[in-house]
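1. Quick one, fold the following:
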Amino acid sequence: MAHRLLKKKMQSAIKIAGQVERDAQKLNQLLLNKNSLSFDEKKQIDDLLQKKKDLDNLVKDIQAENKKNLYNRQENEQQNKELIEKQKEIENLFNNVLDQKTQEMLKKLQQLMDQEQKDSTRDELSKMQMDNKSLKKELDRILELYKKLEFDQKLNQNINQLNQLADKQQKLSEQTKQQNADPQSLQQEQQKIQQEFEDVKKSLDELEKANEGAEHKNDFENPKSDEQKIDQQMNQSSQELQKNNKPKAAQSQQETAKQMQQMASKMEQKNEEGEDSQNNINAQQLRELLKNLVNSSFDQEKVMETLKNTTPSDPNYIILAQNKKT
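-> Predicted structure coming up:
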């Protein structure tokens with residue numbers, strides 16, 4: 001539930017960032033040939049400023065929720081260390097999405113509008129447009145990283161649960177070997193394990209379905225053949241217990257535990273192989289994200305300063321304006 005809510009907020013932030021970018025561009029063009037700011041234009045700028053503030057507050061809310069999720073995962077002893085590191089990397093990206101310069105830009109734009117400095121207001125609107133285009137791009141990338149993290153977490157949970165079931169099945173096998181063990185109690189315990197395994201199968205089916213609908217798919221193959229072998233062994237265990245043939249039931253239970261461990265190991269190994277092939281790429285992407293976030297303000301200011309000193313009749317004006325949009 002928490003994952004779903006966080007993704008929904010991120011998608012909403014991406015949508016609002018795109019709207020702010022378009023509105024800033026539209027207002028900038030509207031003011032191009034105006035000598036002063038009309039009441040209606042001031043109202044549009046006020047609305048844009050409020051929308052930008054709402055966006056910044058939403059991003060801060062996402063940052064706080066992401067940090068809370070990280071803390072909760074660190075409290076979980078079963079949490080994979082690599083997953084925690086990925087979560088920290090995402091948190092670092094979030095921490096760099098908004099900076100003090102963004103707040104200063106909003107304050108300056110408000111002051112310039114109040115003072116009716118049209119040209120300077122246009123400059124700040126252009127900066128806002130570029131700032132939100134960059135923000136939207138980074139939020140898009142963070143969302144994709146978050147979806148990958150979420151997939152890995154769910155897969156890791158299934159692997160852990162399989163290993164736990166293997167331990168339960170092994171212990172039940174040892175109990176079944178005891179001469180004074182009650183067949184009916186053993187049968188009930190076996191049914192509980194079978195039901196828990198059904199839950200794992202259902203979870204893996206959901207994971208496969210989500211992966212098929214994802215824009216960027218993970219290297220995942222539902223281990224159906226392994227599931228069928230395990231089901232057959234557990235059914236055989238139940239049948240032998242019904243016959244009160246505890247030695248054969250114990251043997252089948254032990255084989256089931258072994259197959260569960262093998263299934264968990266295969267899933268983990270395949271996921272690690274996929275991770276290894278992506279590690280260098282992901283690390284480079286993260287470095288580029290952080291670099292872009294740090295340098296974007298400087299680059300934008302440089303383009304704006306050049307554009308400010310270029311007249312619209314200059315052929316370079318169009319080129320600079322196009323660069324401003326990239």
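
2. Only C-alpha atoms from now on, for both contacts and neighbour counts.
-> OK.

3. Nearest to the spatial middle of the protein, which residue is it?
-> Among the residues of the chain, residue 146 comes closest to the average C-alpha position under Cα atoms, centre = their mean, at 1.3 Å.

4. Can you say which helix or strand has that one in it?
-> For residue 146, the host element (DSSP states H and E) is helix 118-177.

5. Same check on residue 221?
-> Per DSSP H and E, there is no helix or strand for residue 221.

6. Local confidence estimate at it?
-> With respect to pLDDT, residue 221 scores 87.

7. quick one: it and residue 209, what's the gap?
-> Separation of residue 221 from residue 209 (Cα to Cα, to the nearest Å): 11 Å.

8. got it, and residue 59?
-> According to Cα to Cα, residue 59 and residue 209 sit 29 Å apart.

9. So for those two, which sits in the more crowded spot?
-> residue 59 (22 against 12; other Cα atoms under 10 Å).

10. neighbours around residue 28, how many?
-> Around residue 28 there are 21 residues (other Cα under 10 Å).

11. try residue 61
-> 15.

12. and what of residue 90?
-> If we define neighbours as other Cα under 10 Å, then residue 90 has 22 of them.

13. before we move on, back to that, quick one: the helix holding residue 146 to chain centroid distance?
-> Here helix 118-177 is found 3 Å from its chain centre; the criterion is Cα atoms, centre = their mean, to the nearest Å.

14. so what's residue 113 up against?
-> Contacts for residue 113 were tallied using Cα atoms under 8 Å, 6 or more residues apart in numbering; they are 37, 42, 121.

15. low-confidence ranges in the protein?
-> Applying pLDDT under 70 to the chain picks out residues 1-2, 70-80, 98-103, 115-116, 118, 274-326.

16. where do the helices sit along the stretch 1-150 of the chain?
-> 2-30, 39-75, 81-97, 100-114, 118-177 (DSSP state H, counting those that start in this stretch).

17. which helices and strands sit right next to the last one?
-> Helices and strands in packing contact with helix 118-177 are listed as helix 2-30, helix 81-97, helix 100-114, helix 183-212, helix 246-308; criterion 3 or more Cα pairs under 8 Å, 6 or more residues apart in numbering; DSSP states H and E.

18. Residue 171: which of the ones you listed is closest?
-> helix 246-308 (8.8 Å; Cα to Cα).

19. got a list of what the closest residue to residue 133 other than its chain neighbours touches?
-> Nearest residue to residue 133 in three dimensions, chain neighbours excluded: residue 21, at 5.9 Å (Cα to Cα, 6 or more residues apart in numbering). Neighbour list for residue 21: 128-133 [criterion: Cα under 8 Å, 6+ apart].

20. hang on, the earlier thing: got a list of what the residue lying closest to the residue nearest to the centre of the chain once chain neighbours are set aside touches?
-> Distance criterion Cα to Cα, 6+ apart; nearest residue to residue 146, sequence neighbours excluded, is residue 90 at 7.3 Å. Contacts for residue 90 (Cα under 8 Å, 6+ apart) come out as 142, 145-146.

21. same thing with residue 228?
-> Residue 228 touches nothing, counting by Cα under 8 Å, 6+ apart.

22. From residue 222, how far out is it?
-> 12 Å.

23. ok, how many other residues are close to residue 231?
-> Counted with other Cα under 10 Å, residue 231 comes out at 16.

24. Might you report the residue contacts of it?
-> Contacts of residue 231 (Cα under 8 Å, 6+ apart): residue 194.

25. For it, I want the exact helix or strand it lies within.
-> Residue 231 belongs to helix 224-242, assigned by DSSP H and E.

26. CA atoms only for that helix - export them in PDB, please.
-> C-alpha atoms of helix 224-242 as PDB (Å, rounded to 0.1, in the frame of the first residue of the first chain):
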ATOM      1  CA  LYS A 224       6.400 -22.800 -13.100                       C
ATOM      2  CA  SER A 225       8.200 -26.200 -13.600                       C
ATOM      3  CA  ASP A 226       9.800 -26.000 -10.200                       C
ATOM      4  CA  GLU A 227       6.500 -25.200  -8.600                       C
ATOM      5  CA  GLN A 228       4.900 -28.200 -10.200                       C
ATOM      6  CA  LYS A 229       7.600 -30.500  -8.900                       C
ATOM      7  CA  ILE A 230       7.200 -29.200  -5.400                       C
ATOM      8  CA  ASP A 231       3.400 -29.500  -5.600                       C
ATOM      9  CA  GLN A 232       3.800 -33.100  -6.600                       C
ATOM     10  CA  GLN A 233       6.100 -33.900  -3.700                       C
ATOM     11  CA  MET A 234       3.900 -32.200  -1.100                       C
ATOM     12  CA  ASN A 235       0.800 -34.100  -2.500                       C
ATOM     13  CA  GLN A 236       2.700 -37.300  -2.200                       C
ATOM     14  CA  SER A 237       3.600 -36.400   1.400                       C
ATOM     15  CA  SER A 238       0.000 -35.900   2.300                       C
ATOM     16  CA  GLN A 239      -1.000 -39.200   0.600                       C
ATOM     17  CA  GLU A 240       1.600 -41.100   2.600                       C
ATOM     18  CA  LEU A 241       0.500 -39.500   5.800                       C
ATOM     19  CA  GLN A 242      -3.100 -40.500   5.100                       C
END
